[in-house]
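Asker: sharing a model that was predicted from the sequence below.
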Amino acid sequence: MANKRLGMVIDTKRCIGCHTCAMACKVENNLPDKNWWNRTLTVGGKEMDTPSGTFPNASMSYITLACQHCENPACTKVCPVGATYKREADGVVMQDYDKCIGCRYCMVACPYTGVRVFNWEKPKYQVDFAVGDANVTPHQKHTVEKCMLCTHRLAKGLQPACIEVCTARARHFGDFNDPNSKVSQLLLKRSHFQLLPDKETNPTVYFLT
Amino acid sequence: MNKIEIKTGSQKLIAATAFLTVIGFSLWVYQIVRGLFVSDMRNLSPWGLYITMFMFFVGLSAGGLIIATVPRVFGLKGFKPVSKIAVYLAICCTVLAGLFIVVDLGRPERMWHLLAYSNLGSPLMWDVLVIPTYLIVSTVYLWATLRAEKGKGSEASLKMLSTVALITAILVHSVTAWIFGLQIGRPFWHTSLLAPMFISSALVSGLALTLFVVLILQKVGYLQRDPESKCRMASLLGLFVLVDLFLLFCELITAAYPLGGTEFQVVKTMLTGIFAPMFWIEVLGGLLAAFLLLNTGTQKDNRLVGGASLLAILGIFFKRYQLLLGGFQFPNLTHFSITTGPVAPDAGTWWRGLQGSFIYFPSIFEWSLTIGVVSMGALLLTLGLKYLPLKPAK
C-alpha cells in the first residue's frame, strides 16, 4: 500500500476565529493547564480580533496554527535522540514522550512560533479527572509535546478533533497522496498558501484564500 | 608573599567555592523537583542563560587550548611557561560547559538515550560526541606534557598530540556554532559566518581568561613575573579582539546595507533598540580593551591589562547572550494569539509589549544556579593549581 501524506486544508475565507478547533484539541488531548497545541491567530491588528488599518479600509482574517507536519521538518533533523520523528506510513510528525530528554532543541529549530510546547513543571489540570479520549498518551513533565494529528482518532478511522468541530466548516483533512481526496481537490480548485515557505519545510497544512 | 599566606588564602578559596558548589547542587535538585519553571525560560524562549553559559565556556575552553597548542604545533617561541595552566584551565571550562548542558536538560536521568538512540544528523549529537573527545584529548595532552617534563615521551609525540588537540579544539567550537548556525528557522543565527565568529570569540575569551588568571597568579606569587611574555600575550589578545570586531562588522554591514527587511530591523534593535546597551558595551569596550592591550605604554601596566582582559571577556559574554536572545526575540510568526504555556509574572504586559521589551530575562534562580556551577569550576581550578605540578618547569 502506498504511503499516505496526511495533512489539512484550512479555508481562511470561512474561518471566523471562534477558537472552537483550539478548544476541541485542548479537551480531546487532555492538555495540561496553559498548554495549547492549536491556536487561532488574528491576521490584522496587534490585539486579538482587531483589524489592521483604519475604517473604512480595515482588514482582518484568521489563521489557525498547530504543527505543520512538514515534509522536510526542521525538528526531526535536530532531535538528538529521535524522540520526534516523521511516520513513514502517513507522514505524521510524532512526539515520543518516553524518549524525550527535554533538551528543547526541536522547539528551537521549528520555525513555526509556538506550535511546540514544553511542560515546564508537573502537568496541572483544571479539573481533577482526565478529559477527552482515553487513549491519549499521558503528559509528562519536562518533555516537549505538540499536535499529533490525533493519531488515536486516526487509528479508529476518525478525523482529528479540530476538523470535526469547526463551526464554519473551514477545516478539511485528508491524504495529499490521493488525488481524489477532498484536500487534493481543494488545492487544485482554490488559490492557497503555506506558512513560511522560505524556511523550506514544505508543510502539509495549506490555507485557502 | 610568604608561603603560609598563600596556603591559608587558597584554603579559604577552596572552602568558599566548595560551599557555593554544594549550594549550586542543591539548587539543581530543587529545579528537577519543582520544574524548569523556576527559570524564566518559556515556550517562546526555550533556551536561556544555561545554554549561553555552555556556549561561553566551550569558547573559553577552546580558546585556551588553541593558545596553548599553536606554539608547539608551529614551532613558535610561545607561551610555554603558562601553557600547562592554560590547558588545565581549558579542561575546567570544558567540564563546566558539560555541566551547564546537564543543568539545562529536562530529563537528565535519560541522558543515556543520547548514546542508545543517537540521531547522528543532529548537531547536538555531534557535540555530544566531540566534547567528551575533546575533554579526553586535552587531559591526555596535559598528562603527556607533565610526563615529558620528567624526561619520558618524545618532543615529536608531544607535537603530534598538540596537533590533535588543536584540531579537536577548533572542531568543538565549530560544532557548537553549528547547533545554532544551521537553523534556517532562526534567521538571526543562520549565517555561514557563525563558526568563524565563534572561534574568533573563543580566541578572545580563552586568551583573556588565561592572561587574567596568569596575572592573578603572578600577583599572589604562584608564578614568577614575566613582563615580556605578558606583553606578547597582551598584544596577541588585542589583535584577536580587533579580528572579532571585524567579523561582527561584516555581519552588521551585510544586514544593514539593504536598509530594509527583517535583518535591517534586527540591526536597528542592536544599534539603537533594546539590545543597544549590551552591543555598545561589547563594541566600545572591545575597542578600549584593544587599545590598552596593543599600546606599548599601557600594556606594561598589569592593572590595565587585567582590566582590559576582563572587558574582553565581558564583551564576549554579551555577544553570546545577545546571540541566544536574538534567536527568540524576533519570532517568525507575529500575529497576535494566546500564549502557549505558563508566562512570566507580568504576563499580560510582556507578551503584548513584545516590541519594546526582551522576550526573556534569566530569573534569579538561573543566576544562582549559574554561580553555583561556575564556583565548581573555580574549585576545580584552585585544587588543580594547588595539587598538580602546573608551575612552569625550571
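Answerer: Received it, and whenever you're ready, just let me know what you need.

Asker: so what's residue B:125 closest to, chain neighbours aside?
Answerer: For residue B:125, ignoring the flanking residues on the chain, the nearest one in space by CB to CB, 6 or more residues apart in numbering or on different chains is residue A:80 at 4.4 Å. In this view, the C-beta of every residue, glycine as well, is placed from N, C-alpha and C.

Asker: also residue B:38?
Answerer: Computed as CB to CB, 6+ apart, the closest residue to residue B:38 that is not its neighbour in sequence is residue B:365, at 4.4 Å.

Asker: tell me the pLDDT of the residue nearest to residue B:125.
Answerer: pLDDT recorded at residue A:80 is 97.

Asker: what is the burial count for it?
Answerer: Under the neighbour criterion other CB atoms under 10 Å in any protein chain shown, residue A:80 is assigned a count of 23.

Asker: make sure it is indeed in a helix.
Answerer: No: Residue A:80: not assigned to a helix; according to DSSP: H, G, I helix; E, B strand; the rest coil it is coil.

Asker: my guess is it contacts residue B:122. True?
Answerer: Yes: using CB atoms under 8 Å, residue A:80 is in contact with residue B:122, at 4.5 Å.

Asker: show me the common contact partners of these two, please.
Answerer: Residues touching both residue A:80 and residue B:122 (CB atoms under 8 Å, 6 or more residues apart in numbering or on different chains): residue A:105.

Asker: from one end of stretch B:256-264 to the other, what's the distance?
Answerer: Start-to-end span of stretch B:256-264 (CA to CA, to the nearest Å) is 5 Å.

Asker: which stretches of chain A aren't confidently modelled?
Answerer: Residue ranges of chain A with pLDDT under 70: A:1.

Asker: ok, which stretches of the chain are helices?
Answerer: Picking chain A for this. Using DSSP state H, the helices of chain A run over residues A:20-28, A:74-78, A:105-109, A:151-154, A:161-165, A:182-189.

Asker: wrong one, I was asking about chain B
Answerer: Using DSSP H, helices in chain B cover B:3-34, B:49-73, B:80-104, B:113-116, B:123-149, B:155-181, B:194-219, B:227-256, B:261-271, B:276-294, B:302-329, B:347-352, B:364-387.

Asker: for the closest residue to chain A within the stretch 151-300 of chain B, what are its contacts?
Answerer: Using CB to the nearest CB, the single residue of the stretch 151-300 of chain B nearest to chain A is residue B:185, 3.3 Å away. Taking CB under 8 Å, 6+ apart, we find residue B:185 in contact with A:74, A:108-111, A:199, A:201, B:332.

Asker: sorry, back to before: pick the most buried one from the helices of chain A.
Answerer: Compared across the helices of chain A, helix A:105-109 shows the largest average neighbour count, a mean of 25 (mean count of other CB atoms under 10 Å in any protein chain shown).

Asker: residues touching that one, excluding its own?
Answerer: Contacts with helix A:105-109, where a contact means CB under 8 Å, 6+ apart, come from A:74-80, A:83-84, A:116, A:118, A:144, B:43, B:46-47, B:122, B:124, B:179, B:183, B:185-186, B:327.

Asker: quick check: closest non-adjacent residue to the closest residue to chain B within chain A.
Answerer: Evaluated by CB to the nearest CB, chain A has residue A:102 as its residue closest to chain B, separated by 1.8 Å. The spatial neighbour of residue A:102 that comes closest, neighbours along the chain excluded (CB to CB, 6+ apart), is residue B:106 at 1.8 Å.

Asker: taking chain B, what residue is nearest to chain A?
Answerer: For chain B, CB to the nearest CB, closest residue to chain A: residue B:106, 1.8 Å.

Asker: which residues in chain A form strands?
Answerer: A:6-11, A:39-43, A:61-65, A:84-86, A:93-95, A:117-118, A:144-145, A:171-175, A:192-193, A:205-208 (DSSP state E).

Asker: for the ones you listed, could you give me CSV that also reports distance to residue B:388 and mean neighbour count?
Answerer: Shown next, in CSV, are the strands of chain A (distance: least, CB to CB, whole Å; neighbours: other CB atoms under 10 Å in any protein chain shown):
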stretch, distance to residue B:388, mean neighbour count
strand A:6-11, 60, 24
strand A:39-43, 56, 21
strand A:61-65, 56, 22
strand A:84-86, 44, 20
strand A:93-95, 46, 20
strand A:117-118, 41, 26
strand A:144-145, 42, 24
strand A:171-175, 65, 21
strand A:192-193, 63, 14
strand A:205-208, 58, 21
